[in-house]
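*Asks:* coordinates only, sequence not included:
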Ligand SMILES: NC(=O)c1ccc[n+]([C@@H]2O[C@H](COP(=O)([O-])OP(=O)(O)OC[C@H]3O[C@@H](n4cnc5c(N)ncnc54)[C@H](OP(=O)(O)O)[C@@H]3O)[C@@H](O)[C@H]2O)c1
């Protein structure tokens, strides 16, 4: 799952001409560390949903990579 | 083929929009409660260009699962959304019935918003710079006795559209409203000829709005020719004063 997630994160980053990242660590902040803005996060949600059938933003904003893991493991 | 969602395609303006678009080589995904004979005939003539999803847009909650997940699926891209389906609950304000008002808001406002949500998501997934079009009404601008509640649903759509344009313009997604004047359809069939004449007198052309003129404007706003048009209300209303 983590490998697929990293792939999705990098698709979104490169789609928006931002630098790809090498790996995901749980405490990474989606905005401050990875550099996603609200439109990137929207694309991230959609791509994760298309892959895992879970809408990570359904019940409100999430901030860290760990919270994404949590949603997908539930 | 580009996929365009058209709501309320079973009759009236929505049917004419659908007919226009399939002839222009779009694939239309039609959403309405009833599958009219006209829509059935059109599907026989253009089997590859028309998918019909019978759905009651009063059921806003299940749009995601029933329309997008089950019918459209993640594999299909969406290039356009035409929010045309609507109902008119008309009465004077002192008679407002909340349940009926709420029902109208579900069909005319909440469902178009949720359809927009998922259409934009599909556009992001497939990297499509799509076009969203809401069918508003001149009543939101001029005011008519008995139409305050209905007109307010169109005012809501117009504001929603303008803000959609601001929010998503950065990724190339456009959003516009078409503001038709009075048209001869089932929705307006309750008016007598005197009332109609009074409405025509308020227009520059002294005529009803032709449905075809609305459909052609839809097709223009969908096309690349309208590349720089977003956040607008385009009046197609015989010049209503
Ligand atoms: N006629 C006018 O003078 C006029 C003027 C200005 C603006 N408009 C606007 O133009 C648009 C088209 O109106 P029209 O005159 O073509 O109206 P119409 O003849 O009454 O057609 C309305 C369409 O909406 C669909 N619809 C209604 N309720 C629905 C629901 N709960 N779920 C799914 N579909 C539903 C109907 O399909 P089903 O019954 O099969 O569900 C039908 O296809 C509307 O947005 C209207 O507000 C009309």
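*Replies:* Good, I have the coordinates. Computed from a predicted structure; not experimentally measured.
*Asks:* enumerate the residues of chain B near chain A.
*Replies:* B:74, B:120-122, B:124-125, B:127, B:168, B:170-171 (C-beta under 8 Å from any C-beta of the partner chain). Where C-beta positions appear, they are placed from N, C-alpha and C, glycine not excepted.
*Asks:* dump those into TSV; add distance to the ligand, secondary structure and neighbour count as well.
*Replies:* Listed next are those as TSV, based on distance: C-beta to the nearest ligand atom, whole Å; DSSP: H, G, I helix; E, B strand; the rest coil; neighbours: other C-beta atoms under 10 Å in any protein chain shown:
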residue	distance to the ligand	secondary structure	neighbour count
B:74	23	coil	17
B:120	20	helix	23
B:121	21	helix	22
B:122	20	helix	24
B:124	26	helix	23
B:125	25	helix	17
B:127	29	coil	11
B:168	22	helix	22
B:170	28	helix	10
B:171	27	helix	18
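*Asks:* for the residue most central in space within chain B, give me its contacts.
*Replies:* The centre of chain B sits closest to residue B:84, judged by C-alpha atoms, centre = their mean, with a distance of 1.8 Å. Counting by C-beta atoms under 8 Å, 6 or more residues apart in numbering or on different chains, residue B:84 makes contact with B:6-9, B:13-14, B:17, B:135.
*Asks:* can you tell me which of those residues is nearest residue B:210?
*Replies:* Residue B:210 lies nearest to residue B:13 out of the contacts of residue B:84, by C-beta to C-beta, at 10.4 Å.
*Asks:* my guess is the closest one is in a helix, correct?
*Replies:* Yes. Counting by DSSP: H, G, I helix; E, B strand; the rest coil, residue B:13 is part of a helix.
*Asks:* now do the contacts for it.
*Replies:* Counting by C-beta under 8 Å, 6+ apart, residue B:13 has contacts B:84, B:135, B:180, B:183, B:185, B:211, B:214-215.
*Asks:* the ligand next: which of the residues you listed are close?
*Replies:* Restricting the contacts of residue B:13 to those near the ligand by C-beta under 6 Å from any ligand atom leaves B:84, B:135, B:180, B:183, B:185.
*Asks:* residue contacts, the second one?
*Replies:* Residues in contact with residue B:135, defined by C-beta under 8 Å, 6+ apart, are B:13, B:82-84, B:86, B:177-178, B:180, B:214.
*Asks:* same question for residue A:26.
*Replies:* A:64-66, A:69.
*Asks:* swap in 10 Å and give it another go.
*Replies:* Shown in contact with residue A:26 (C-beta atoms under 10 Å, 6 or more residues apart in numbering or on different chains): A:64-70.
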